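[1] need a structure here:
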Amino acid sequence: MAAELRSAEWYGDTDRNAYIHRAWMRRGLPHDAFSGRPHIAIANTASDLTPCNSHLTEVARSVRDGVHEAGGIPLELPVASLGETQVRPTAMLWRNMAAMAAEEMFRANPVDGLVLLGGCDKFDSIEDLHARIDAPDLDVDAGSVLVLRGCGPRGCPGMPEVSNMPLPRKLPEQGVRDMVRVCDGRMSGTAYGTVVLHVVPEAAAGGPLALVRSGDCISLDVPGRSLTLDVPDAELAARTPNAATVAGYAAPRRGWERLYVDHVQGADTGADLDFLVGSSGSEVSRESH
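    The predicted structure is shown next:
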């Protein structure tokens, strides 16, 4: 197994260089750290000067525990933390430098895998998205996760194709071609990119998407089929949706729209009305395409 690991190129030999590398890293590492266990770097952007990332110190502790439990060796690595709100004249000047420095450090060190801890930015409604997505001071980078909520069957209402979240204009200008986007709505089949859609329960139905805050850490594991908001349960329980989020939900006073909002189910069950479930059968009476 050790021969398959990148770290074995540094530690696995019996020559003088390998001895020096092992001796250098033995301070604080377990005695079996060089016996074939993968070395996993945790790139942490936590900083007290970037408040939306300050909680990542706690997240990093959980990641370290997880790496240990999986049999690996966790190695935390600081990464430049840039908050557009405070840095003068603009964080844009250092974003590329920070990304290049981090990438070179990963290449230069004997690590076998990488966990990148960065923040997310959320949009409370489709109107909020359109108003802010191309703002020069939007505090996102290539490692961020974009969250759009209030676009599900109950929140929008209906299932309109409004979840085609574009990349913030400043990122393609830096060469970024994709980033993770998460939404409780629907988008066109002609759109593309790394997008998680139809999140249920949707925000307007009390789902955790309503509690996401800018700077929260979100983990997407496609092979493991998991999407995780890395916020402690106690903190989530203490949170409530902010006023802007609630104001973005549909709030019809009467008629069919009111009936729909009160009775529509989630996207995972076809956005059917609860009082119609089981009453229509499965037969399709005529072609629809």
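[2] quick one: the helices in the stretch 151-289 of the chain?
    Counting by DSSP state H, counting those that start in this stretch, the stretch 151-289 of the chain has helices at residues 233-238, 243-247, 255-263.
[3] So which of those has the densest surroundings on average?
    helix 243-247 (a mean of 15; mean count of other C-beta atoms under 10 Å). The C-beta positions use only the backbone N, C-alpha and C, and glycine is treated the same way.
[4] For that helix, output the C-alpha coordinates as PDB.
    The C-alpha coordinates for helix 243-247 follow below in PDB (Å, rounded to 0.1, in the frame of the first residue of the first chain):
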ATOM      1  CA  ALA A 243     -36.200  38.200   7.600                       C
ATOM      2  CA  ALA A 244     -34.900  38.500   4.000                       C
ATOM      3  CA  THR A 245     -35.300  34.700   3.500                       C
ATOM      4  CA  VAL A 246     -38.900  34.700   4.800                       C
ATOM      5  CA  ALA A 247     -39.800  37.800   2.800                       C
END
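[5] what distance separates whichever helix in the chain runs longest from the centre of its chain?
    Using DSSP state H to define each element, the chain has its longest helix at helix 92-108. Distance of helix 92-108 from its chain centroid, counting by C-alpha atoms, centre = their mean, to the nearest Å, is 20 Å.
[6] quick one: the residue nearest the centre of the chain from residue 283, how far?
    Centroid-nearest residue in the chain, with C-alpha atoms, centre = their mean: residue 218, separated by 3.3 Å. As judged by C-beta to C-beta, to the nearest Å, residue 218 and residue 283 stand 41 Å apart.
[7] Check residue 78 too.
    62 Å.
[8] More neighbours: which of these two?
    When residue 78 is set against residue 283 and neighbours are counted by other C-beta atoms under 10 Å, the residue ahead is residue 78, at 13 against 5.
[9] ok, now which ones touch that one?
    Listed by C-beta atoms under 8 Å, 6 or more residues apart in numbering, the contact partners of residue 78 are residue 44.
[10] Please tell me the pLDDT value assigned to it.
    pLDDT for residue 78: 84.
[11] What of residue 62?
    For residue 62, the model assigns a pLDDT of 84.
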